[in-house]
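In: Can you look at this prediction? I've put the sequence above it.
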Amino acid sequence: EKRGKLLLGMSRTYSEAAIILEGLIKKKGSIKSLTFGESNKNSSFANSSPEFKKAVFAIVCETLKYREIIEELIEVTPLKDEIKLLRNENMNFMIQILLYEMLFGKQSSQGIKAIQGGGKAKKVIQKCLTQINSSMARIKIKKSAVTAKDLLPSHLRNPIILPRYVRVNTIKSNDEEVINHFENQLYLDLTLDLSKLIQSSNVSSQEKRGFYARDEHVDHLFLLPPNFDLHSDSFLANGKIIIQDKASCLPSFILSPPSGSHVIDACAAPGNKTTHLSASMKNQGKIWAFEKDKRRSKILSMMTDKAGCKNIEIVTGDFLKSKPWDEKYSQVEYILVDPSCSGSGIVNRMDFLFSSATKDESNDQEVEVEDLNDESDRLKSLSTFQIEAVLHAMKFPSANKVVYSTCSIHQEENEDVVMEILRRQDEFQLSHPLTSWKRRGFPVFEGSEKVIRTDAKEDQTNGFFVSCFERVKPSKTKAPKIIEKKLVEPQQSPSQNQKDKKRKMENPSIIETGKKKKEEKKEMKEENIKESISPKKTETQSKIQSNQTPDKKKKKKRNKIHKSITSTSRS
């Protein structure tokens, strides 16, 4: 009965792990969000115990480490055809999970027996077992590997171990409250001995589990032991503390907008930097947080709500399409630009294996460059976007401080981007922030000592780059002019007017004739009026008058015309 429950439990672990692995491949979320967050829509798994979720999380992470070798085995063995025959996409991921368990798991020495349960997927593996083992032996010989661990890339074989950082959310809590919260689990080390932090082991929650310390550079930031488990921590659940790497805190800390400021976070989701800005502003003023992806915009909204931020307006749209001259942005003085990058500075993060355009866990706006195979083309595409994002931020007329950051170690995304920005505009220049920080930019341009770099091995935080631009000249940005089209009334041509005037000047009689014609019309109107008001005549009289009238009128008219001609000729 116990074995039956164990097999059932392991089969469920494999199944849930396969679902999460599929979600990662299809970019439905990060490992953490799919395992512990709300990205996993499986209600039964969402209601599972924290211990079960941790077991699933662990097997997914380990499978990712060996995924390149596992995929090679599937490609060179009959497994590839067997998976096609199953016509079940999820079965491919299930087989990858089981292959890890059999070849690289804790019980790998037992071979196929290491798989507890597994159902149909295990039967497929068993059918191809001979070819799998022989192919695995050839791969080891090819790579001169003695153990399975020797097959891993160097950065996975000898990973850099970093402290776990938590930032106190000063909107909801303070340093003293957080210290009191951890005092029953950890010892506060005021000397910041990192060796103690690294050596701290993750033992029973009922015992002291090691040391923790305050960070020496960033306010309200604490360092915890690397394996310190916070998934069920009440302070994390209610937003009093936020898991955020030290390097990821630097951009918002350097921007440091005061309370009541107007701020833009150009690439905001999932929102750790945005909530950090809100806290530094004491939840006052205004932050416009841009995110063009609707799904990620929802995550941003959830995170800012959880942190208790009241001064954030989420803009679901592309920052590059925003209008700097818009009246609502007229008071924006501080802008944070933390765009997508190669993610090359991130260590100990499995998500990085799935995306060619990633960001640190605090910020992740994607750029569509996944189809670019050549590394240089990929970096060029990213840097082009990064430059345009910063230059657009500098167009906001009241902007006085713009911080640009990446989680990349590549010069193409860091120093080269800064050089191009300085070349293409003259309104902003580099300032020299955080002077206590020793590691600075590569010496490839004058002023490189003003930018900040972090190194995972030396600085106990992820690789990062931060630069700060400050305005030195007034803004040239002006709203585009709206041209109104006016209807033009048709006019007589100037040449015709001039001709008429000339004729009148040369022959004054034309003017007199015109006057006389007007007088004749006036007289005729008067006669018509008299006739209309005269008494009615008899029928015989009217006939006689009608017969005589035309001749008299004609004669009278002839006399008038003759007089006018005579007077004209005399003149």
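Out: Perfect, I can see it now.
In: Could you list every helix and strand in contact with the strand or helix carrying Ile387?
Out: Here Ile387 sits within helix 375-393, counting by DSSP states H and E. Packing contacts for helix 375-393, counted by 3 or more Cβ pairs under 8 Å, 6 or more residues apart in numbering; DSSP states H and E, involve strand 332-337, strand 401-406, helix 415-424. C-betas here are computed from N, CA, C, even on glycine.
In: Would you mind listing the buried residues in it?
Out: Residues of helix 375-393 classed as buried: 378-379, 381-383, 385-387, 389-393 (neighbour count, 16 or more other Cβ atoms under 10 Å).
In: And stretch 28-37, by the same measure?
Out: 28-36.
In: I'd like to know how far Pro397 sits from Ile20.
Out: 47 Å (Cβ to Cβ, to the nearest Å).
In: repeat for Tyr212
Out: Counting by Cβ to Cβ, the gap from Tyr212 to Ile20 is 30 Å.
In: Just checking the distance from stretch 219-234 to the centre of its chain.
Out: 28 Å (Cα atoms, centre = their mean, to the nearest Å).
In: what's the answer for stretch 212-221, then?
Out: 29 Å.
In: and what of stretch 428-441?
Out: 26 Å.
In: what's the average pLDDT for it?
Out: Summarised as a single mean, pLDDT over stretch 428-441 is 97.
In: do stretch 407-420 as well
Out: Rounded mean pLDDT across stretch 407-420 is 97.
In: First-to-last residue distance for that stretch?
Out: When the termini of stretch 407-420 are compared using Cα to Cα, to the nearest Å, they are 19 Å apart.
In: And stretch 385-402, by the same measure?
Out: So stretch 385-402: terminal residues 16 Å apart, Cα to Cα.
In: same thing with stretch 141-150?
Out: Stretch 141-150: ends 11 Å apart by Cα to Cα.
In: Touching that stretch from outside, list them.
Out: The contact list for stretch 141-150 (Cβ atoms under 8 Å, 6 or more residues apart in numbering) reads 66, 103-104, 108, 139-140, 151, 157.
In: ok, now with 6 Å
Out: With Cβ atoms under 6 Å, 6 or more residues apart in numbering as the test, stretch 141-150 has contacts from 104, 151.
In: buried residues in that stretch?
Out: So for stretch 141-150, counting by 16+ other Cβ under 10 Å, buried means Ala148.
In: For that stretch, give the mean pLDDT please.
Out: On average, stretch 141-150 scores 90.
In: just how off-centre is that stretch within its chain?
Out: With Cα atoms, centre = their mean, you get 42 Å for stretch 141-150.
In: Also stretch 115-122?
Out: 42 Å.
In: What are the buried residues along it?
Out: For stretch 115-122, by 16+ other Cβ under 10 Å, it's 115-118, 121-122.
In: From those residues, which one has the minimum pLDDT?
Out: pLDDT across the buried residues of stretch 115-122 is lowest for Gly118, at 79.
In: Looks like that one contacts Leu98 (just checking).
Out: Yes: contact criterion Cβ atoms under 6 Å: Gly118 and Leu98 qualify, at 5.3 Å.
In: what residues are shared contacts of those two?
Out: Counting by Cβ under 6 Å, 6+ apart, nothing touches both Gly118 and Leu98.
In: With pLDDT, distance to Ala266 and secondary structure added, can I get the buried residues of stretch 28-37 in a markdown table?
Out: Formatted as a markdown table, the buried residues of stretch 28-37 follow (pLDDT from 0 to 100; distance: Cβ to Cβ, whole Å; DSSP: H, G, I helix; E, B strand; the rest coil):
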| residue | pLDDT | distance to Ala266 | secondary structure |
| --- | --- | --- | --- |
| Lys28 | 83 | 25 | coil |
| Gly29 | 79 | 23 | coil |
| Ser30 | 79 | 21 | coil |
| Ile31 | 84 | 26 | helix |
| Lys32 | 81 | 24 | helix |
| Ser33 | 81 | 22 | helix |
| Leu34 | 87 | 27 | helix |
| Thr35 | 88 | 29 | helix |
| Phe36 | 82 | 28 | coil |
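In: which among these gets closest to Tyr404?
Out: Checking the buried residues of stretch 28-37 against Tyr404 with Cβ to Cβ, the nearest one is Ser30 at 24.0 Å.
In: Quick check: phi and psi on the closest one?
Out: phi -90, psi 170 (degrees, to the nearest 10).
In: Show me the strands in the protein, by range?
Out: Using DSSP state E, the strands assigned to the chain run over residues 164-168, 187-188, 211-214, 221-224, 241-243, 262-265, 286-290, 312-315, 332-337, 401-406, 428-430, 452-454, 464-471.
In: Comparing those strands, which yields the minimum mean pLDDT?
Out: Minimum mean pLDDT among the strands of the chain: strand 187-188, a mean of 80.
In: List the strands paired with that one, with their directions.
Out: Next to strand 187-188 in the sheet, as set by DSSP bridges, lie strand 211-214 (parallel).
In: Okay, buried residues for the partner strand please.
Out: Buried, per 16+ other Cβ under 10 Å, within strand 211-214: 211-214.
In: what's around the closest residue in space to Cys249 that isn't next to it in sequence, how many residues?
Out: Nearest non-adjacent residue to Cys249, counting by Cβ to Cβ, 6 or more residues apart in numbering: Val218, 4.8 Å away. By the measure other Cβ atoms under 10 Å, the count of residues near Val218 is 22.
In: about what we covered before: turn the buried residues of stretch 28-37 into CSV, columns for distance to Asp265.
Out: Converted to CSV, the buried residues of stretch 28-37 look like this (distance: Cβ to Cβ, whole Å):
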residue, distance to Asp265
Lys28, 24
Gly29, 21
Ser30, 20
Ile31, 25
Lys32, 22
Ser33, 20
Leu34, 25
Thr35, 27
Phe36, 25
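In: Mind picking the two most distant members of those residues?
Out: Farthest pair in those, by Cβ to Cβ: Lys28 and Phe36, 14.4 Å.
In: didn't Arg453 look like it was pressed against Lys438?
Out: No: counting by Cβ under 6 Å, Arg453 stays clear of Lys438, with 10.0 Å between them.
In: neighbours of the closest residue to Ala399 other than its chain neighbours, just the number please.
Out: Excluding its sequence neighbours, the residue lying closest to Ala399 (Cβ to Cβ, 6+ apart) is Ile335, at 5.4 Å. The number of residues packed near Ile335 is 28, by other Cβ under 10 Å.
In: what's the closest non-adjacent residue to Lys140?
Out: Counting by Cβ to Cβ, 6+ apart, Lys140 lies nearest to Leu151, which is 7.0 Å off, once chain neighbours are set aside.
In: low pLDDT regions in this protein?
Out: For the chain, applying pLDDT under 70 flags the ranges 1-10, 38-43, 190-209, 348-374, 482-571.
In: In a markdown table: the strands of the chain, plus distance to Gly343.
Out: Output for those, formatted as a markdown table (distance: least, Cβ to Cβ, whole Å):
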| stretch | distance to Gly343 |
| --- | --- |
| strand 164-168 | 18 |
| strand 187-188 | 33 |
| strand 211-214 | 27 |
| strand 221-224 | 22 |
| strand 241-243 | 18 |
| strand 262-265 | 19 |
| strand 286-290 | 20 |
| strand 312-315 | 24 |
| strand 332-337 | 17 |
| strand 401-406 | 9 |
| strand 428-430 | 24 |
| strand 452-454 | 14 |
| strand 464-471 | 11 |
